[in-house]
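Novice: sharing a model prediction with you, sequence too.
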Amino acid sequence: MHIDNVRMNITLPREVADALNRMAGPRKRSRFIAEAVLERINREQKEALELALEEGYRVNGEEALAISEEFESVDLEGWGEY
């Protein structure tokens, strides 16, 4: 499988570059950085989705409760014995 790579020139603080070299080694830095960036992107996308869902639930919560209350008597039909 062919992966379309893009060459980038980045600048890092010296202590970050040193830690990167210690952890990943000089021949695996690109892969380490790519995985770290992808992990951050996924985390931020997940957080954005969770916020959007939370907002949606908040906005529609009152409507859902009203609908639930409207059909409560029908939902409880036949449950009198329990």
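Specialist: Okay, I see it.
Novice: rest of the way, CA atoms for contacts and neighbours
Specialist: Will do.
Novice: where are the low-confidence patches of the chain?
Specialist: 1-2, 76, 78, 80-82 (pLDDT under 70).
Novice: now do the helices in it.
Specialist: 14-24, 29-70, 72-75 (DSSP state H).
Novice: out of those helices, which gets nearest to Ile3?
Specialist: Among the helices of the chain, helix 29-70 comes nearest to Ile3, with 12.3 Å by CA to CA.
Novice: just to revisit the earlier point, tabulate the helices of the chain (a markdown table), appending mean neighbour count and distance to Met8.
Specialist: Listed next are the helices of the chain as a markdown table, based on neighbours: other CA atoms under 10 Å; distance: least, CA to CA, whole Å:
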| stretch | mean neighbour count | distance to Met8 |
| --- | --- | --- |
| helix 14-24 | 12 | 15 |
| helix 29-70 | 12 | 10 |
| helix 72-75 | 10 | 60 |
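Novice: could I get these as TSV with distance to Arg7?
Specialist: Formatted as TSV, the helices of the chain follow (distance: least, CA to CA, whole Å):
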stretch	distance to Arg7
helix 14-24	18
helix 29-70	10
helix 72-75	61
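Novice: what's the spacing between the most centrally placed residue in the chain and Ala52?
Specialist: The structure's the chain has its C-alpha centroid closest to Lys46; by CA atoms, centre = their mean the separation is 1.0 Å. Distance of Lys46 to Ala52, computed by CA to CA, to the nearest Å: 10 Å.
Novice: what does Ala36 give?
Specialist: Distance, Ala36 to Ala52, using CA to CA: 24 Å.
Novice: repeat for Glu72
Specialist: 29 Å.
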